[in-house]
Structure formats: structure tokens, C-alpha cells
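Participant: predicted model follows, preceded by the sequence.
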Amino acid sequence: MRRTKIIATLGPATDDPQVLAALFTAGTDGFRLNFSHGSIQDHAKRVTQIRHLASEHKRSIAIIADLQGPKIRIARFEKGSVILKENELFTFDADLADDAGNELSVGIDYKHLPQDVAAGDTLLVDDGRLSFIVQSVEKNKIHCQIMSGGTISNNKGINRLGGGLSAEALTEKDREDLKFAIGLEVDYIAISFPRNAEDILEARALIKALQGHASIIAKIERAEAVDNIDEIIEASDVIMVARGDLGVEMGDAELPSLQKRLISRTREKNKVSITATQMMESMIHNSIPTRAEVMDVANAVLDGTDAVMLSAETASGDHPAQVVAAMSRICIGAEKHPRSFISHHRIDKTFHHIDESIAMAAMYTANHFPIKAIICLTETGTTPLWMSRIRSGIPIFALSRRSLSLHKMSLYRGVYPLYFDMTHMDEDRIEHNAIHRLTQLGFLEQNDIVILTKGTHIGVLGGTNALKILCVEEKN
């Protein structure tokens, strides 16, 4: 069973019902709605389709609403694109009409950019494919020398090397989109370009005011976010290593060690991590990945990421289901490495909650005893989250009656959520029924030894306080 989860981005390529169904069959665990593209009607229709298919397949699926964030982009060119040559001069002009760009200048969507840069700064366009040295700033005009030229086209992203742009994470569009996403009952809201914990807390306050229950994903895309990473992790539920803009601001050479550090720190703080951007980029059009992409996905798995994410590969690519299937094979292959089973997580720490202590005890026992599976009866999903922070090859079956908890747990590494309502069962039959359910599904066989955790008070949030080691009997 694959432990690392796969997130697929929805788009025009997945609007075909057969393609979307194929993504389920291929093993997609979560779907991303990219609010940078498409209408609210598109997103609403896709959510309806996902929930319908999830019901058909009897699977819990996470839905992510990814907010656009500030548009830090250039405007458009009269001819759609121009070719810029090295050492020539070029101007980014906040006063220029949106579609009046040419070989000498182009407008910018982010009108405060001239106030955020100074002579000597390096500006990077189109994921760093073109670079410019700022010569001077004259009111709303940024005069530059072209350091690395090439073709530049409409609406490409623009970054300042080293970060430092003052754009707020949540725009008015984001606030409206967040309100709409809460109405769709999505499971996660992804915040683009957060700078610090305050940006995350603002989003959380908005969700609470709307009586929403979505968890928050902080997309680490800015240099400032790296500087404030501990407070951002604490304020968030999930961290996304968004390597596109992050690589531009920090520099490509910094990305490998930064990815490992972010994932490790996130796991240390008992939060969830997603690795994203260009993981299987060549498969937008090709039917197989490059060996470099295979290694990239495998390295993210070995780093301990909970999930790997596909963007244009599924949203607009030629082979959405094949990409997911290929990524799944790579994850399973990487998970065979011994490193995937070794963990020193919190071995020298003091625990502060009973359910946390039960989770740690369960995983320690499972990794040192012939345990076939862990069965976690849970309300909120907190206990299986703690369990999944320990590297292990033993599946954690999280049984819950709460659909929101089931959906969220779909992104936890090594956790397999299953619907199970024990509130109306006789107490002495709960354990039997849980084991029977997994036996029926083919996950357990006679004489298998399992760990079961539960709360002695059924239905109480955060009430896990019991651990049992059980043997699967023939009559189950």
C-alpha cells in the first residue's frame, strides 16, 4: 500500500468525467482547485463531481482550495511577446497601459513594485528565465539592464531575488474566494505567499467567522516565509514546499537543502507537508517521466513528505491518469528504502496529552513487534496524525464517523481513513466490528496481530486513552 499521498490539480483536462474517474482509479488522494484560473462555477461543478465519485468509490478524498494571492506579475505586450537581448535596457512601468508592452517596457500588475526595489536589486521574470539588474527607480518606473534575455510573454511572474516585496498575502479576491470555498465545504484552504504567522492567523479568523472548518495550508514561496518558518508552521495545519517562486527568490542551489529542512521541521512540529511544483513536468505532454523527475519524487518521499502534488500535469496535460499512476509507482518504489522505516521522532521528548502518549506508544510497539496493522478509532483525526509522524511501514487505519476528519486524514502519510460509526454499537462489540470491517475489506487475515487505540468514552473529542494488542480470530 502506498503511504505517500498524491494530490492532483483540476483543470480543463480533468473536466471530462472519464478522465476524472480515471484519476480516482489511478489512486489520487486529494484534489486541488486552483483559484488563479477558472470561474467559481467551474470550481463548484468540480467539487460536486469529486464528492459524487468519492461516494461511488467509497473513498475519502481531500479537496483543497488554493487561493491566488497577490498578482506579482508583468502585464501584457502589444504583440503577445517580445525578444529581449542581454545588456540592453528595459523598463517595468506601473503607469503603462496593461496591453502596451514592447521591446522597451512593459506594465506591471503589482503597482507597488517600484516602492519595493532599489538600484542594484535583481528582478527575475518567468521563474527566473529572464533576469534584470535595477539601474534606477524613477517614480513608478523601474529602469533595468537585461542580464539574461530571451522571449518574454504576457502575464509572467516577477520576483525580487532575496524577497522583500510588501504585497499582502490575502487580496480582496482571495477573501471573496475564501468565502465561496467555505460554502463549498472544502477541506483545506491554501494561502499563497504568506510572509509570517499573522497572514495565516488572518485567514483562520476569516474561516472561523464564516463558521468554516477547513484546515490551512501555508504555501512557502517567499524568502520572508523561510525566515519566519517556525511561527508559520505553528499557525498552520499543513506546509507546502512550493518550489517555483521559492526557488526564484532563494536561488535554485538553495532548494534541495531547504526542502529537506522544511519537511523535517514540519514533521517535528506534528504538522503535515506537501511537496509541489514541476515534479512530473515533462509528462504534461510525454507519456513517461524523465529519470530526473523519478529521482525528484523519490527524494521527496525519502525526505518524509506526506504528499506530492501535480499541477499542470493533470490540470492541462495530455495524460492526467498516467501521471498519477507513474507518480504512484515511484512513491511505492521509494518507500521500500530502509530510510522510510527509521524514525527517531520525539524519542527524547516529553508528551503533554494522553492521546499523544497513546499514539507514540502504539507506534513504538508496532515498530518493535510483529504488528500487521494499527486500528485507530478517532473523532478528530489527531491521534492518527501523531502516529503518522513516526516513519513506519505499518498501515494506520483511521476509523471515524466524521466526514471532515476522514477527508483531512486522506493527506496524512501512511494513514488510510475509513468510515466507521461506533456511537450506536454495544461497547463490547466495537473492537470486534472494527476488526471485522478490515477483514471484510481484505486488509486483515486470521491470526494477524493488530494494535487498536480508542477512547473509553465514545464520541468524546481528544479522548483516546486506551491501547490494546489483539489477534484476528477466525470468526471475524
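Facilitator: Sure thing, it's come through.
Participant: so residue 225 sits in a strand?
Facilitator: No. Residue 225 is assigned helix when assessed by DSSP: H, G, I helix; E, B strand; the rest coil, not a strand.
Participant: how far away is it from residue 453?
Facilitator: 35 Å (Cβ to Cβ, to the nearest Å). Heads up, the C-betas are built off the backbone N, CA and C, glycines and all.
Participant: again with residue 403
Facilitator: For residue 403 relative to residue 453 (Cβ to Cβ), the value is 21 Å.
Participant: so for those two, which sits in the more crowded spot?
Facilitator: Higher neighbour count among residue 403 and residue 453: residue 453, with 23 against 15, using other Cβ atoms under 10 Å.
Participant: helix or strand: which one has the residue nearest to the spatial centre of the chain?
Facilitator: Geometric centre of the chain, nearest residue: residue 274, 3.8 Å, by Cα atoms, centre = their mean. According to DSSP states H and E, residue 274 maps onto strand 272-276.
Participant: quick one: mean pLDDT over that strand.
Facilitator: Here strand 272-276 scores 98 as its mean pLDDT.
Participant: equivalent analysis for stretch 26-40, please.
Facilitator: 95.
Participant: now find how far off-centre it is within its chain.
Facilitator: Offset of stretch 26-40 from its chain centre (Cα atoms, centre = their mean, to the nearest Å): 11 Å.
Participant: just the buried positions in that stretch, please.
Facilitator: 26, 27, 28, 29, 30, 31, 32, 33, 34, 35, 38 (16 or more other Cβ atoms under 10 Å).
Participant: doesn't the third one fall inside a strand?
Facilitator: What it means is residue 28. No. Counting by three-state DSSP, residue 28 is not found in a strand; it is coil.
Participant: could you list the low-pLDDT ranges of the stretch 101-250 of the chain?
Facilitator: For the stretch 101-250 of the chain, no stretch has pLDDT under 70.
Participant: would you list every one of the helices in it?
Facilitator: 113-116, 172-183, 197-209, 223-227, 229-235, 243-250 (DSSP state H, counting those that start in this stretch).
Participant: how does this protein divide into domains?
Facilitator: Following automatic domain parsing, one gets these domains for the chain: 5-69+168-336, 81-160, 354-471.
Participant: which among those domains is found nearest to residue 75?
Facilitator: domain 81-160 (3.3 Å; Cβ to Cβ).
Participant: which elements pack onto the lengthiest helix in the chain?
Facilitator: Longest helix of the chain, by residue count under DSSP state H: helix 40-57. Helix 40-57 is packed against helix 17-26, strand 30-34, strand 62-66, helix 172-183, with contacts defined by 3 or more Cβ pairs under 8 Å, 6 or more residues apart in numbering; DSSP states H and E.
Participant: number of nearby residues for residue 42?
Facilitator: 15.
Participant: ah, wrong one, I meant residue 243
Facilitator: 24.
Participant: look up how far residue 25 lies from the closest residue to it other than its chain neighbours.
Facilitator: Excluding the flanking residues, the one nearest residue 243 by Cβ to Cβ, 6 or more residues apart in numbering is residue 277, at 4.1 Å. Taking Cβ to Cβ as the measure, residue 277 falls 25 Å from residue 25.
Participant: mind checking which of those two has more residues around it?
Facilitator: Between residue 277 and residue 25, residue 277 has the larger neighbour count (other Cβ under 10 Å), namely 20 against 12.
Participant: list the contacts of the more buried one.
Facilitator: Contacts for residue 277 (Cβ atoms under 8 Å, 6 or more residues apart in numbering) come out as 242, 243, 244, 247, 309, 311.
Participant: partner strands of the strand holding residue 274 and their direction?
Facilitator: strand 238-242 (parallel), strand 307-310 (parallel) (DSSP bridges).
Participant: what would these look like in CSV with distance to residue 317 and mean neighbour count?
Facilitator: As requested, the strands paired with strand 272-276 are exported to CSV (distance: least, Cβ to Cβ, whole Å; neighbours: other Cβ atoms under 10 Å):
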stretch, distance to residue 317, mean neighbour count
strand 238-242, 19, 26
strand 307-310, 8, 25
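Participant: format those as JSON lines; extra columns: distance to residue 297.
Facilitator: Below are the strands paired with strand 272-276 laid out as JSON lines (distance: least, Cβ to Cβ, whole Å):
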{"stretch": "strand 238-242", "distance to residue 297": "13"}
{"stretch": "strand 307-310", "distance to residue 297": "6"}
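Participant: need the three-state assignment for the nearest residue to residue 247 once chain neighbours are set aside.
Facilitator: What sits nearest to residue 247 in space, not counting adjacent residues and going by Cβ to Cβ, 6+ apart, is residue 255, at 5.0 Å. Secondary structure for residue 255, judged by three-state DSSP, is helix.
Participant: do I have it right that residue 255 meets residue 246?
Facilitator: Yes. The criterion here is Cβ atoms under 8 Å, and residue 255 meets it with residue 246 at 7.0 Å.
Participant: which one's more surrounded, those two?
Facilitator: Remark: of residue 255 and residue 246, residue 246 carries more neighbours, 27 against 15, as counted by other Cβ under 10 Å.
Participant: pLDDT weak spots in the stretch 251-400 of the chain?
Facilitator: 343-349.
Participant: could you rerun that using 80?
Facilitator: 339-353 (pLDDT under 80).
Participant: that one: strands as residue ranges?
Facilitator: When assigned using DSSP state E, counting those that start in this stretch, the strands of the stretch 251-400 of the chain occupy the ranges 272-276, 307-310, 373-377, 396-400.
Participant: got JSON lines for those, with distance to residue 428 too?
Facilitator: Formatted as JSON lines, these follow (distance: least, Cβ to Cβ, whole Å):
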{"stretch": "strand 272-276", "distance to residue 428": "35"}
{"stretch": "strand 307-310", "distance to residue 428": "38"}
{"stretch": "strand 373-377", "distance to residue 428": "14"}
{"stretch": "strand 396-400", "distance to residue 428": "17"}
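Participant: nearest to residue 358, of those strands?
Facilitator: strand 373-377 (9.2 Å).
Participant: neighbours of the nearest residue to residue 44 once chain neighbours are set aside, how many?
Facilitator: Spatial nearest neighbour of residue 44, excluding adjacent residues (Cβ to Cβ, 6+ apart): residue 184 at 6.2 Å. The tally of other residues near residue 184 (other Cβ under 10 Å) stands at 18.
Participant: surely residue 184 meets residue 65?
Facilitator: Yes. Taking contacts as Cβ under 8 Å, residue 184 lies within contact range of residue 65: 7.3 Å.
Participant: list residues touching both of those two?
Facilitator: In contact with both residue 184 and residue 65: residue 43, using Cβ under 8 Å, 6+ apart.
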